[in-house]
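Visitor: model this:
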Amino acid sequence: MAAIYPFRALRPPRDKVGRVAAVPYDVVNTEEARALAEGNPLSFLHVSRPEIDLPEGTHIYSDEVYKKARENFERFKAEGTLVEEEEPSLYVYRLVMGDHTQTGVAAACSVDEYDDDRIRKHERTRPDKENDRTRHVLTLRAQTGPVFLTYRADRRIDALVEAETKAEPLYDFEAEDGVRHTVWRASAAEQLARCFAEVPLLYIADGHHRAASASRARAELRGKNPNHTGEEDYNRFLAVVFPDEQMQILPYHRVVKDLNGRGEGEFLEAVRKHFNVTEDAKREGPGKPGHWHMYLGGKWYGLNLRDDAALTLSDDPTATLDVSLLQNNLLGPVLGVTDPRTDKRIDFVGGIRGTKELERLVDSGSAAVAFALYPTSIQDLLRVSDAGGVMPPKSTWFEPKLRDAIVIHTI
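Guide: Residues are numbered from 1 along each chain as shown. As a prediction, this is how the structure comes out:
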């Protein structure tokens, strides 16, 4: 079963939500966060990236940063920038980005189900990021940004969610990036919860560190509570749950800083040992899986694996992902990038930035070569998760992004 629970949201008043709601903390660095929050004292980046209010050079994991997060969070509550609901609710949350629309349910989900792998994962987490978010949650006693979950679509849930969108929304605003965010308080919360109880599994699409931090925070708070019952708010974590059919994944491209000691001609010859190489490929990127576009020396090349390429047979569903095939047949053997998680010579460019960003990086000399990929499918993600597998780093870029602080779950 997939348990979802109403919660007493801490949220902005309607007339302030557009100024409060902020991009997720982990899609911007300190400088970008400071620029986004400039001139807007209500931006939640003052809580999620509080180093922007401290002297430049302050370490992002220093004690002063968490102290400032708490100070700003308490100020937002005291000034009425964030107000707690009187009753627990579920919420319907719609995102519209261009021609794409997806509508999910914002709820508190079960930490037990996360720990028991009934909420499935596909990504390893980094200890430093886990430590940071755990400390942030414990400092605020709140989960301020949702985990992005998905499930195999259920027509009954679709119908209930669609019915909720006929009512007057709590929020309806367009963020500065052009994404429209609309939120309704669900009137049929019990029916939604009953239907979700028949959904066998939920899957993390994005937000593995947020989910892991919820589990770690629960463990710490449970250990300090001699009267723990399992019903405390810290046993649940904030999430928005979307049907798989509505998910949009953009590609995650790769750039490498050098050609591993080769000149361009020698490098192309090495690539041709594994790939068929065509010239004048489209800058938009490949139009189907099993194909890659490569930008080198001001020119786009098309790549697909040669028929005689030595492929390792494996039951691991990650082995046939385009990101894996590129890694195992080119990035590793030709460019010497054996561990893309740690190698400083490789960088990753989210599909939202487009292939023009790949051209810019290579043309400017910041990278020697770039690779445009076809996006990983949501069905690939589900298969890897069901097999207990781990996706290669930077396999998926979900758009549009959920915003922090539209609804907050206090613990």
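Visitor: quick check: chain neighbours aside, which residue is closest to residue 401?
Guide: residue 24 (5.8 Å; CB to CB, 6 or more residues apart in numbering). Placement of C-beta: from N, CA and C, glycine included.
Visitor: so what's the one you found up against?
Guide: By CB atoms under 8 Å, 6 or more residues apart in numbering, residue 24 lies in contact with 48, 145, 401, 402, 403, 404.
Visitor: isn't the last one up against residue 143?
Guide: So that's residue 404. No - the pair residue 404 / residue 143 is not scored as a contact, 9.9 Å apart, by CB atoms under 8 Å.
Visitor: more neighbours: which of those two?
Guide: Legend: neighbour count by other CB atoms under 10 Å for residue 404 and residue 143, higher for residue 143 (29 against 24).
Visitor: residues contacting that one?
Guide: Residue 143 is in contact with 137, 210, 214, 237, 238, 408, 409, 410, 411, counting by CB under 8 Å, 6+ apart.
Visitor: just to revisit the earlier point, save the contacts of residue 24 as CSV, and put in pLDDT too.
Guide: Formatted as CSV, these follow (pLDDT from 0 to 100):
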residue, pLDDT
48, 97
145, 94
401, 94
402, 95
403, 96
404, 97
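Visitor: could you dump those residues to CSV with distance to residue 11 and secondary structure?
Guide: Output for these, formatted as CSV (distance: CB to CB, whole Å; DSSP: H, G, I helix; E, B strand; the rest coil):
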residue, distance to residue 11, secondary structure
48, 15, helix
145, 13, coil
401, 18, coil
402, 14, coil
403, 12, coil
404, 11, strand
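Visitor: got the confidence number for residue 353?
Guide: On pLDDT, residue 353 comes in at 88.
Visitor: kindly report the same for the one 3 residues further on.
Guide: Note on residue 356: pLDDT of 95.
Visitor: how about the nearest residue to it, chain neighbours excluded?
Guide: residue 283 (7.7 Å).
Visitor: repeat for residue 391
Guide: Here the nearest residue to residue 391 in space, its sequence neighbours aside, is residue 122; by CB to CB, 6+ apart that works out to 4.7 Å.
Visitor: verify the contact between the one you found and residue 203 for me.
Guide: Yes - counting by CB under 8 Å, residue 122 touches residue 203, with 7.5 Å between them.
Visitor: give me the common contacts of those two.
Guide: What both residue 122 and residue 203 touch, as defined by CB under 8 Å, 6+ apart, is the set 381, 385.
Visitor: can you list the weak-confidence ranges in the stretch 151-300 of the chain?
Guide: Under the criterion pLDDT under 70, no range of the stretch 151-300 of the chain is flagged.
Visitor: ranges for the helices of it?
Guide: Using DSSP state H, counting those that start in this stretch, the helices of the stretch 151-300 of the chain run over 155-164, 189-196, 208-223, 264-272.
Visitor: can I assume residue 102 sits in a strand?
Guide: Yes - looking at residue 102 with DSSP: H, G, I helix; E, B strand; the rest coil, it is inside a strand.
Visitor: picking up where we left off before, dump the residue contacts of the residue nearest to residue 391.
Guide: 203, 204, 381, 384, 385, 389, 390, 391 are the contacts of residue 122 under CB under 8 Å, 6+ apart.
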